[in-house]
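Colleague: fold the following.
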Amino acid sequence: MKGQKMDLFWTKIIPECVAKYPWGGEFTAKMSLKKYQEGIKSKIKAMDENEFDLFLAAVVMQASRDQMMGVNLTEKVGFLRGLRA
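Modeller: This next block holds a predicted model:
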């Protein structure tokens, strides 16, 4: 994912999901992809398992609404899971 430009996942799906959290205001559309990913990583690492599962469920539901599915979504979910490692 490094070096990739912002795509639907990072410009619409993730912002919709993080906006529901008290810390969502820390993320803006003007942030670079790298900065966005680093910020998300710290938030995801701070979540307990149940909260992370709910976050992933919200991501998947929002992705479905925005017509992102299949391998592309699977890669993004895998990426988010990897941030917890």
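Colleague: can you point me to the longest helix in this structure?
Modeller: Secondary structure of the chain per DSSP state H: the longest helix is helix 49-65.
Colleague: and the spatially most central residue of the chain, which helix or strand is it part of?
Modeller: Closest residue to the average C-alpha location of the chain: Ile14 at 4.2 Å, with CA atoms, centre = their mean. Following DSSP states H and E, one finds Ile14 within helix 14-18.
Colleague: any regions of the chain where pLDDT drops low?
Modeller: The model of the chain has pLDDT under 70 over residues 1-6.
Colleague: next, the buried residues of the longest helix of the chain.
Modeller: Within helix 49-65, the residues that count as buried by 16 or more other CB atoms under 10 Å are 52, 55-56, 58-60, 62-63. In short, each C-beta sits where N, CA and C put it, glycine included.
Colleague: chain center to it: distance?
Modeller: A distance of 9 Å separates the centroid of the chain from that of helix 49-65, by CA atoms, centre = their mean, to the nearest Å.
Colleague: swap in stretch 48-63?
Modeller: Counting by CA atoms, centre = their mean, stretch 48-63 is centred 9 Å from the centre of its parent chain.
Colleague: how about stretch 74-85?
Modeller: Centroid separation between stretch 74-85 and its chain, computed with CA atoms, centre = their mean, is 9 Å.
Colleague: list of residues touching that stretch?
Modeller: Residues from elsewhere that reach stretch 74-85 (CB atoms under 8 Å, 6 or more residues apart in numbering): 1, 9, 13, 37, 40-41, 44-45, 47, 52, 55-56, 59-60, 63, 68.
Colleague: among those residues, give me the pair with the biggest separation.
Modeller: Lys45 and Met68 (24.1 Å; CB to CB).
Colleague: the more surrounded of these two?
Modeller: The neighbour count for Lys45 versus Met68, taken as other CB atoms under 10 Å, is higher for Met68 (18 against 11).
Colleague: what about the closest residue to that one other than its chain neighbours, distance to Lys45?
Modeller: Nearest-residue entry for Met68: Leu8, 5.9 Å, with adjacent residues in sequence omitted and distances by CB to CB, 6 or more residues apart in numbering. With the distance defined as CB to CB, to the nearest Å, Leu8 ends up 25 Å from Lys45.
Colleague: got it, and Cys17?
Modeller: To Lys45, Cys17 is 16 Å away according to CB to CB.
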